[in-house]
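Student: this is a predicted model, with the sequence first.
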Amino acid sequence: MALFGKQSKDGPAQSTPRSDRSSAPDVGFPDEPFGDPDLLVGNNQSNEPAVLTARVYGEKTTFGSVSWWSEKDWWKLAPEGEANDVRCQVGTYADLAVAAVSLRGNKHRLQGAVNDDSYAIAHTTGDDGRGYLLVAVSDGMGSAKHSSFGARLAAQNALRALMELLAKLPGNGLMADLTEHQAVLLSWITRKVLGYRANEFGAPTVDANEFDSADAQCTLTFAIVPTGEPTLSREAVIGIVGDSPAFLVQNARLTPIEPAKDLEGLWSSSSDGLLGATSMVITSVELEPGDGLLLTSDGIGNFLTHGDQETVLGLDIASRWKRPVGMLDFIRDASFELQSADDDRTAVMIWIDE
Amino acid sequence: MNENSSQEVLLFYIVCDESGSMGQNGGIEAINEALPELHATLASDPLVVDKCRLSIIAFSDGAEMILPMCKVTDIPDMPGVQEAGVTNYGAAFTLLGQAIQTDVDGLKSQGYRVYRACVFFMSDGEPTDHWEDAYNDLINHPYRPHIVAFGVDGADANILAKIATLRCYVGRDRASAGRALANVMSSIGNTIITSTSNAHSGPANIDLPASIDGFDTVPLDHL
């Protein structure tokens, strides 16, 4: 099928020339599936390879003012192995398009620590015969020794638990069923995360029954997005434990699905943890054709809005991600330079076919 | 210039006693030697440079802002403290409260997301004034700071424990106030660096050392 309406019976869509891009219609497949062609090595006209650089909002970061290979030695490898400097996935499912990226933050680069954000994406068919896209974002809490491991398992197991729920829907509606079974679902995820086998593929070396759950503590934000008829709206269900924000992206504007905390006019970064939680925020959002849903870790989400307004970065991201973008563009957009935005960053964007 | 970027910022205030006794016990000299080292340490950390702001207040007969709130890389030379008169805590708390109000409001108006400020309060003696009203004004304000107190050379541990809201350290050895203050300044540097790094997790965000060489940790008052 023709997703996002651009491909016509007459043949594949034509790329919009770069000079005309500002007046291009806001519909269709991304013009360049891997990103802006002028930024790809070898595609420019000079003999020098093009350089992908991050967009800067405000003053450039001190960390980003030197090359990663500089003698300052700020960008360190993680001794335990894969640090996940970049993890990315793009793809389509039915009338939905998804792009996901997770980036190691400057804080963990400086410490030589791994990215402790994670995400998971899956799709399934519910017992109502409908297709569902499932996405989860998890952010390991900085004080937890094995938070990277915890976040990875939490995101994966959250989707497994949701698939089980969708396979045997009691039939009261997804919101009602999820609300009724949230304690069981959260308990199952906690058990699965803490039921690891020591030393196995990045697992902690201590035995699971001697392990303190606080050492793998993490947040969880998930979305269940049904596939649908192209012209109809649909209700996405969102579950949140902790402070990984979700946003509705509509007409190049961002709306937070849950407001951020602000205490007595001062910022507070405290958050609840998934492991051991018995309840969560469960909410829903109506998605129209052409809308988008954005799930993030706080490393991105905290900088998109301030109070009840989008920031400059938030407005820019909402504009860039109002339609699907190329994979490299998506990574580049998430790699913005903003002072103090030094935490790991994860974003999962879901677009509804218009 | 910030254009509602939602940039996060941590504020640290160092409040130094520069009363006459601090000159006699080597405290003034120790602080003046340690401040440039603290500056060099903080300026070499790229996250601290971008995310922290530092201010220094010195007090004796009165209180003086010797370093207004700024980025550490905007400091060409660290100021020093100068031996002066008596130990007026009230003047320090009054000036501190005014500075926090001005600094927080100023940063918020530029679009910054401001964490609760942290104050490192250092003294070697008992206060010579009625400081309680000024202190109460400070800690009853919505922008009340976290306060870490350090006492050397016979400072009154009970009073410092009342002032501290996070932790109170008191030096064991009266004879080595200078060395003790050098350790304090080093601990302040480490606290600023680790707290900056951990500002994404936990409500207080101030990562204090469990102990400092040469100091006892004094329990804080319960209300």
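Tutor: Nice, I can see it.

Student: which residues does the residue nearest to A:Thr219 when sequence neighbours are not counted contact?
Tutor: Excluding the flanking residues, the one nearest A:Thr219 by Cβ to Cβ, 6 or more residues apart in numbering or on different chains is A:Gly242, at 2.7 Å. In this view, the C-beta of every residue, glycine as well, is placed from N, C-alpha and C. Taking Cβ atoms under 8 Å, 6 or more residues apart in numbering or on different chains, we find A:Gly242 in contact with A:139, A:218-221, A:271-274.

Student: and A:Gly242, backbone torsions?
Tutor: phi 100, psi -150 (degrees, to the nearest 10).

Student: then A:Val348?
Tutor: phi -120, psi 120.

Student: roughly how far apart are the nearest residue to A:Gly58 once chain neighbours are set aside and A:Glu82?
Tutor: Spatial nearest neighbour of A:Gly58, excluding adjacent residues (Cβ to Cβ, 6+ apart): B:Ser5 at 5.0 Å. According to Cβ to Cβ, to the nearest Å, B:Ser5 and A:Glu82 sit 31 Å apart.

Student: so the closest residue to A:Ala183 other than its chain neighbours: helix, strand or coil?
Tutor: Nearest residue to A:Ala183 in three dimensions, chain neighbours excluded: A:Thr278, at 4.8 Å (Cβ to Cβ, 6+ apart). Following DSSP: H, G, I helix; E, B strand; the rest coil, A:Thr278 is assigned to coil.

Student: can you read off the backbone torsions of A:Thr278?
Tutor: The phi/psi pair for A:Thr278 (degrees, to the nearest 10) is phi -120, psi -10.

Student: ok, it to chain B distance?
Tutor: 21 Å (Cβ to the nearest Cβ, to the nearest Å).

Student: correct me, but that residue touches A:Val184?
Tutor: No. Using Cβ atoms under 8 Å, A:Thr278 makes no contact with A:Val184, being 9.6 Å away.

Student: identify the residues contacting the residue lying closest to A:Gly314 once chain neighbours are set aside.
Tutor: Excluding its sequence neighbours, the residue lying closest to A:Gly314 (Cβ to Cβ, 6+ apart) is A:Leu304, at 3.6 Å. Counting by Cβ under 8 Å, 6+ apart, A:Leu304 touches A:245, A:247, A:254, A:296, A:310-311, A:313-314, A:317-318, B:6.

Student: of those residues, grab the buried ones for PyMOL.
Tutor: In PyMOL, a selection of the buried entries from the contacts of A:Leu304 looks like this (16 or more other Cβ atoms under 10 Å in any protein chain shown):
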select buried, (chain A and resi 245+247+254+296+310+311+313+314+317+318) or (chain B and resi 6)
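
Student: on that earlier part again, and for the residue nearest to A:Ala183, the neighbour number?
Tutor: As a burial measure, A:Thr278 scores 11 neighbours (other Cβ atoms under 10 Å in any protein chain shown).

Student: contacts only, for residue 208.
Tutor: In the absence of a named chain, this looks at chain A. Counting by Cβ under 8 Å, 6+ apart, A:Ala208 makes contact with A:194-198.

Student: ah, no, chain B please
Tutor: B:148, B:166-167, B:187, B:191.

Student: so where do the strands sit in chain A?
Tutor: A:86-93, A:96-103, A:117-125, A:131-139, A:220-226, A:234-241, A:246-250, A:253-256, A:281-287, A:292-296, A:305-306, A:309-310, A:345-352 (DSSP state E).

Student: and those as JSON lines, adding distance to chain B and mean pLDDT?
Tutor: As requested, these are exported to JSON lines (distance: least, Cβ to the nearest Cβ, whole Å; pLDDT from 0 to 100):
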{"stretch": "strand A:86-93", "distance to chain B": "19", "mean pLDDT": "97"}
{"stretch": "strand A:96-103", "distance to chain B": "14", "mean pLDDT": "98"}
{"stretch": "strand A:117-125", "distance to chain B": "11", "mean pLDDT": "97"}
{"stretch": "strand A:131-139", "distance to chain B": "9", "mean pLDDT": "97"}
{"stretch": "strand A:220-226", "distance to chain B": "16", "mean pLDDT": "97"}
{"stretch": "strand A:234-241", "distance to chain B": "15", "mean pLDDT": "94"}
{"stretch": "strand A:246-250", "distance to chain B": "14", "mean pLDDT": "97"}
{"stretch": "strand A:253-256", "distance to chain B": "12", "mean pLDDT": "95"}
{"stretch": "strand A:281-287", "distance to chain B": "19", "mean pLDDT": "94"}
{"stretch": "strand A:292-296", "distance to chain B": "13", "mean pLDDT": "98"}
{"stretch": "strand A:305-306", "distance to chain B": "4", "mean pLDDT": "90"}
{"stretch": "strand A:309-310", "distance to chain B": "7", "mean pLDDT": "90"}
{"stretch": "strand A:345-352", "distance to chain B": "11", "mean pLDDT": "98"}
